[in-house]
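Asker: fold the following.
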Amino acid sequence: MASLKISVGDTLPKGTFGTIPFTEELADHSACGIPTNLSTDSWKGKKVVLFSVPGAFTPTCHINHLPPYLAKYNEFKAKGVDVIAVIAANDPFVLSGWGRVEGLTDKIITLSDPNAAWSGSLGLSVDLSGRGFGIRTARYAMIIDDLVIKYVEVEPGLGVTVSGADAVLAKL
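Answerer: Residues are numbered from 1 along each chain as shown. As a prediction, the model looks like this:
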């Protein structure tokens, strides 16, 4: 992984991500949805929790990382969080499908960072080419308040600690 290029107190660098907003039409998996773009500019004046996984449907991400964020959704809201988003290098269709399988509905937004371009520009990508996965987003989490980074941590190893729901809740 590259060295971290952002820190607490920095203004969040602008990013634009592909996403497929949840609609009831998608609930039965008979439709794919149409990708739209979401810009970090839409987070101005909001408190955002952004967490990153190397890949949708991968064991740690699918079982240990995403589900606690959904389970603790109301705790995040009670602490004033306006937006919870998960970002990965997968395409918007895969992330939308993953979100539907996990039951995210409109609670957690799935964001596509192709080739981890935005994450990589912040020093938050990892090269998993040796495993056949290519360049991916690292496992990390941020708290962003009115586009200012209040918390940013990258996992030091393979598990979920500093980027997990409990760690982020404790910093809110």
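Asker: where exactly do the helices run in this structure?
Answerer: Secondary structure of the chain (DSSP state H): helices located at 59, 66-71, 73-78, 92-102, 117-121, 165-171.
Asker: beta partners of the spatially most central residue of the chain?
Answerer: The centroid of the chain falls nearest to Val86 when counting by CA atoms, centre = their mean (2.0 Å). Using DSSP bridges, the bridge partners assigned to Val86 are Phe51, Thr110.
Asker: if I look at it, how far off is His65?
Answerer: Separation of Val86 from His65 (CB to CB, to the nearest Å): 8 Å. In this view, the C-beta of every residue, glycine as well, is placed from N, C-alpha and C.
Asker: name the residues contacting each of these two.
Answerer: Here Val86 and His65 share the contacting residues Phe51, Val53, scored by CB atoms under 8 Å, 6 or more residues apart in numbering.
Asker: still on that earlier bit, so which of the helices of the chain comes closest to Lys46?
Answerer: Evaluated with CB to CB, the helices of the chain place helix 73-78 nearest to Lys46, the distance being 12.5 Å.
Asker: any low-confidence regions in this protein?
Answerer: Within the chain, the stretches falling below the threshold (pLDDT under 70) are 1-2, 59-63, 132.
Asker: so the residue nearest to the centre of the chain touches Tyr69, yeah?
Answerer: Yes - using CB atoms under 8 Å, Val86 makes contact with Tyr69 at a distance of 7.2 Å.
Asker: good, wrapping up.
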